[in-house]
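Trainee: Show me how the following folds:
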Amino acid sequence: MDITSGVGVLDKATSVLAALESGPMTLAGLVTVTGLARPTAHRLAVALEYHRLVGRDLNGRFVLGPRLGELAQSAGEDKLLSTAGPILVRLRDITGESSQLFRRQGEIRVCVAGSERPSGLRDTVPIGAQLSMKAGSAAHILLAWEEPDKIHRGLMHAQFTSETLSTVRHRGWAQSVAEREAGVASVSAPVRAPGGKIIAAVSVSGPIERLTRSPGRLHAPAVVAAAEKLSTVLRRTEDT
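Mentor: Next up, the predicted model:
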């Protein structure tokens, strides 16, 4: 990569971060993309991991780390998180179930915001929790609109199929029943950046005994409305 500022170590570290924008990578992948020597790529990736600018996915590959999101929020640029709170609280109150906001980081999805049902049986997903992209309605949403090659890779060993994702794209929301965890059902819908790219998934989740085996019938309208509201707020913010 031709990224030069005159400060060699910074340029090389930046090349590692830039390479990870396209998704998770092994050390060999980083060496190929950045052109760095293997020891140099490893040393920089591990140092960036120490500072949480780089992380690891469930397969041990390097991914962009949580510190980048925290820095963006501190700079006032993470409009998604700054506006999601009240919308998730409203969604919880409408549905009576815990609500979450998920972002994808490589081969995992991270709960970046949420509002828990205050009492009774509930599905608790702590903020910062890392869940698999291989199961759950939020995973459906975060994969369904990806490029075909990424969908193909994402479906390997997944608990859902390409037909599932086709249905998600057609109706605009996803549901899962006992897919991520026994006894738990969920409904999710996409949050779109002003340019239309899917950047997050809004979800509600709870016990199957309340959500039933067709949770979308109960909660899809509310979840879709919440996701669209968040997308609209982001679009208005971008225009101002």
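
Trainee: so where's the protein uncertain?
Mentor: Across the chain, the ranges flagged by pLDDT under 70 are 1-4, 70, 72-78, 121-123, 237-240.

Trainee: Leaving out chain neighbours, which residue sits closest to residue 131?
Mentor: Among residues not flanking residue 131 along the chain, residue 109 sits closest, at 5.3 Å (CB to CB, 6 or more residues apart in numbering). The C-beta positions use only the backbone N, C-alpha and C, and glycine is treated the same way.

Trainee: what's around residue 11, how many residues?
Mentor: By other CB atoms under 10 Å, 14 other residues sit near residue 11.

Trainee: Which parts of this protein are helices?
Mentor: 8-20, 27-34, 38-50, 66-74, 79-95, 137-144, 148-154, 162-171, 208-211, 215-239 (DSSP state H).

Trainee: Dump the ones you listed to CSV, plus distance to residue 103.
Mentor: CSV is the format used below for the helices of the chain (distance: least, CB to CB, whole Å):
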stretch, distance to residue 103
helix 8-20, 15
helix 27-34, 22
helix 38-50, 19
helix 66-74, 8
helix 79-95, 8
helix 137-144, 8
helix 148-154, 15
helix 162-171, 17
helix 208-211, 23
helix 215-239, 12
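
Trainee: Just name the most buried of those.
Mentor: Neighbour counts (mean count of other CB atoms under 10 Å) averaged over each of those peak at helix 137-144, with a mean of 27.

Trainee: what's that one packed up against?
Mentor: Under the contact definition 3 or more CB pairs under 8 Å, 6 or more residues apart in numbering; DSSP states H and E, helix 137-144 sits against strand 98-105, strand 108-115, strand 130-132, helix 148-154, helix 162-171, strand 174-177, strand 184-192, strand 198-207.

Trainee: Let's have those in JSON lines, adding distance to residue 64.
Mentor: Converted to JSON lines, those look like this (distance: least, CB to CB, whole Å):
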{"stretch": "strand 98-105", "distance to residue 64": "6"}
{"stretch": "strand 108-115", "distance to residue 64": "11"}
{"stretch": "strand 130-132", "distance to residue 64": "13"}
{"stretch": "helix 148-154", "distance to residue 64": "16"}
{"stretch": "helix 162-171", "distance to residue 64": "24"}
{"stretch": "strand 174-177", "distance to residue 64": "24"}
{"stretch": "strand 184-192", "distance to residue 64": "19"}
{"stretch": "strand 198-207", "distance to residue 64": "14"}
